[in-house]
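Participant: turn this into a structure:
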Amino acid sequence: MARLHEHQGKTILVAAGIRVPRGGVAHTPDEAYQQAVMLGGGVVVKAQAWVTSRAAKKLIVFANTPEEARTAAETLIGQTVGNFAIDAVLVEEQISIEREFYVGLIVDDRARRPMLIVSGVGGSGIEEIALAHPDQVAQFAPDLRTGLRDYEARDLLRRVGISGKLLLAFSALLVKFYGAARTYEARSAEINPLALTNDGSLMALDCRFTIDDYAVFRHPDLGIEIAREIDRPPTPLERIAWNVEKNDYRGTFYFLQLETQFQPEDQVVGFHGNGGGGSMMNMDALLAQGFKIANFVDTSGNPPASKVYRAARIILAQPRVDAYFMGGSGFASQEQFHSARGLVKAFMDTQLNVPAVIRIGGNGEEQAMDILHRANGSFSAPVEAYGRDDTPEFCAGRLADLVATYTPEVTSPRAIPPAAEPYTFETVTNGTITYDHAVCRDCATKACVETCVPKILSLENGVPVLNISREEAKRGGCIECLACEVECHFRGSGGGYIRLPIPGLEP
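Facilitator: Modelled structure (predicted):
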């Protein structure tokens, strides 16, 4: 789920016709001062961070003057809470409150529909409210076809003791809230507290929205950077990885940095998983060997070799990686020779200088292991490959042994000389495949044609050419299996090369 900041959620509420306190976002202490001047009177300065219990963490500060607002912003902006670096505050007018309520919506997976929750008590989490005041909490699952109807909202509120004029105003707000949450395809949303002010109106003092990952592309107005559930702003490498994933639906690629700060004595592994459950087993095995895990990556669902390549390049681009480990369930249904070719090209392009152990069990695992083992010598570091019958504990132990005996070398990215007689075409992810026909003529094996998985290459006058149009290749006729380069390098003359851009990452 993609989280929104409080100020983003309040923008949604205002558009739905729900009142919120006057205020605005400030990114500097001076902006907080100006916001307080414009509002006049006392203000509340609220850190914009994806954490709970902000008041208890002293991330909400009441200020009676603009100078106090500036001081509060100076304290909050730049502070790190957990994994979250605060870079903005919301400055709002102080509100006189007569009573507090809770309103929330979650997608109930068992009921397979949104569940609306209300409470006659607000100000703390709904779990705590339900324990302390069970008679003050009620829930209702509206019909997805009709949405929440007025009479249903009123019936729900009567169950928590709301009546009279407040019932009419509150039920109208509930209908608006439900409509806003559904419009933006929220997996969860809440207003807490919803305040009854001294002038008798209802106002959302705080709110939270999380948007379904798969719906983010339909709501560009929300400005969500990454459609993932993380508890902090994305790192630069996470942004780069997301830009690889978001428009390429061939298999899964998920990249998350777990740690970025390490001690000199730490042994840090870049982790590359296949499938969630199997990845957890392999990560546990690495932790048992004393490794610190820099990241989590999942490439599953039969991704193309190019996606595995980009994943490996991003893993190796982290500031500190002492070893590389790939491991999943051991019974992956994907064609593992694609993953092997993606890894080999990444290791050659970066000139791998950390030991790697690849547990690559699944379809075609023997072929995959052969591809990886024959690559040794093409870069300075050793690579070992294992299959489904080799346990995560054994493979993690082998990596520990390699790290203990290997001395890292200083390497530079692989340089590819320009082709004397280039023949090129583009791929679906803006890659470029080049054959140097001057080199290809002397190739005895023509391995690229033999091993091209989609069979889009033919020989013409002894050199490889497309047997489909360049437009068809770019639309997906070329599946980026990387055999054109990897097999050419090891079995042919070395005349084929594919460039796979990773915007934001140094070549």
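Participant: how about the strands in the stretch 301-450 of the chain?
Facilitator: 323-328, 332-335, 356-359, 362-363, 383-386, 422-426, 432-436 (DSSP state E, counting those that start in this stretch).
Participant: now do the stretch 51-200 of the chain
Facilitator: 60-63, 80-81, 84-85, 89-93, 97-108, 113-119, 137-140, 186-197.
Participant: picking that back up, and the strands of the stretch 301-450 of the chain: which comes nearest residue 26?
Facilitator: Minimum separation from residue 26 across the strands of the stretch 301-450 of the chain (C-beta to C-beta) falls at strand 323-328, 43.0 Å. The C-beta positions use only the backbone N, C-alpha and C, and glycine is treated the same way.
Participant: in its sheet, what does the closest one sit against?
Facilitator: For strand 323-328, the paired strands and their directions (DSSP bridges) are strand 268-274 (parallel), strand 356-359 (parallel).
Participant: still on that earlier bit, any chance of the strands of the stretch 301-450 of the chain in CSV, with mean pLDDT too?
Facilitator: Formatted as CSV, these follow (pLDDT from 0 to 100):
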stretch, mean pLDDT
strand 323-328, 93
strand 332-335, 72
strand 356-359, 96
strand 362-363, 84
strand 383-386, 96
strand 422-426, 97
strand 432-436, 97
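Participant: turn those into CSV, including distance to residue 86 and mean neighbour count.
Facilitator: Below are the strands of the stretch 301-450 of the chain laid out as CSV (distance: least, C-beta to C-beta, whole Å; neighbours: other C-beta atoms under 10 Å):
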stretch, distance to residue 86, mean neighbour count
strand 323-328, 34, 27
strand 332-335, 40, 19
strand 356-359, 38, 28
strand 362-363, 43, 20
strand 383-386, 42, 22
strand 422-426, 43, 16
strand 432-436, 42, 21
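Participant: just so I know, which of the ones you listed lies nearest residue 173?
Facilitator: strand 323-328 (47.7 Å).
Participant: tabulate the strands of the stretch 301-450 of the chain in a markdown table, adding columns for distance to residue 264.
Facilitator: Below are the strands of the stretch 301-450 of the chain laid out as a markdown table (distance: least, C-beta to C-beta, whole Å):
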| stretch | distance to residue 264 |
| --- | --- |
| strand 323-328 | 15 |
| strand 332-335 | 36 |
| strand 356-359 | 22 |
| strand 362-363 | 37 |
| strand 383-386 | 25 |
| strand 422-426 | 44 |
| strand 432-436 | 41 |
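Participant: can you list the domains in this protein?
Facilitator: Using automatic domain parsing, the domain parsing of the chain gives 22-93, 97-222, 236-405, 422-499.
Participant: hey, which of those domains is tucked in deepest?
Facilitator: Mean neighbours per residue, mean count of other C-beta atoms under 10 Å, is largest over these for domain 236-405, with a mean of 20.
Participant: in this structure, what helix or strand scores lowest on average pLDDT?
Facilitator: strand 332-335 (a mean of 72; mean pLDDT, DSSP states H and E).
Participant: ok, back up a step: lowest average confidence across the strands of the stretch 51-200 of the chain, which one?
Facilitator: Out of the strands of the stretch 51-200 of the chain, strand 84-85 stands lowest, with a mean of 80 (criterion: mean pLDDT).
Participant: center of the chain, which residue is that?
Facilitator: residue 228 (3.9 Å; C-alpha atoms, centre = their mean).
Participant: in three-state terms, how would it be classified?
Facilitator: On the three-state scheme (DSSP: H, G, I helix; E, B strand; the rest coil), residue 228 is labelled coil.
Participant: got the contact list for the closest residue to residue 133 other than its chain neighbours?
Facilitator: In this structure, residue 133 finds its nearest non-sequential neighbour in residue 121, 5.0 Å apart by C-beta to C-beta, 6 or more residues apart in numbering. Contacts for residue 121 were tallied using C-beta atoms under 8 Å, 6 or more residues apart in numbering; they are 100, 101, 102, 129, 132, 133, 136.
Participant: equivalent analysis for residue 133, please.
Facilitator: Counted by C-beta under 8 Å, 6+ apart, residue 133 has contacts 119, 120, 121.
Participant: closest one to residue 185 out of these, please.
Facilitator: residue 119 (24.1 Å).
Participant: how much space separates the closest residue to the closest one other than its chain neighbours from residue 160?
Facilitator: Of all residues not flanking residue 119 in the chain, residue 102 sits nearest, at 3.9 Å (C-beta to C-beta, 6+ apart). Counting by C-beta to C-beta, to the nearest Å, the gap from residue 102 to residue 160 is 10 Å.
Participant: out of the domains of the chain, nearest to residue 9?
Facilitator: domain 97-222 (4.1 Å).
Participant: span of that closest one from start to end?
Facilitator: From its first residue to its last, domain 97-222 covers 30 Å (C-alpha to C-alpha, to the nearest Å).
Participant: change the start of the numbering to 23 and stick with it
Facilitator: Fine by me, first position is 23 from now on; the one you just mentioned is domain 119-244.
Participant: run the chain-centre distance for that domain.
Facilitator: Domain 119-244 sits 28 Å away from the centroid of its parent chain (C-alpha atoms, centre = their mean, to the nearest Å).
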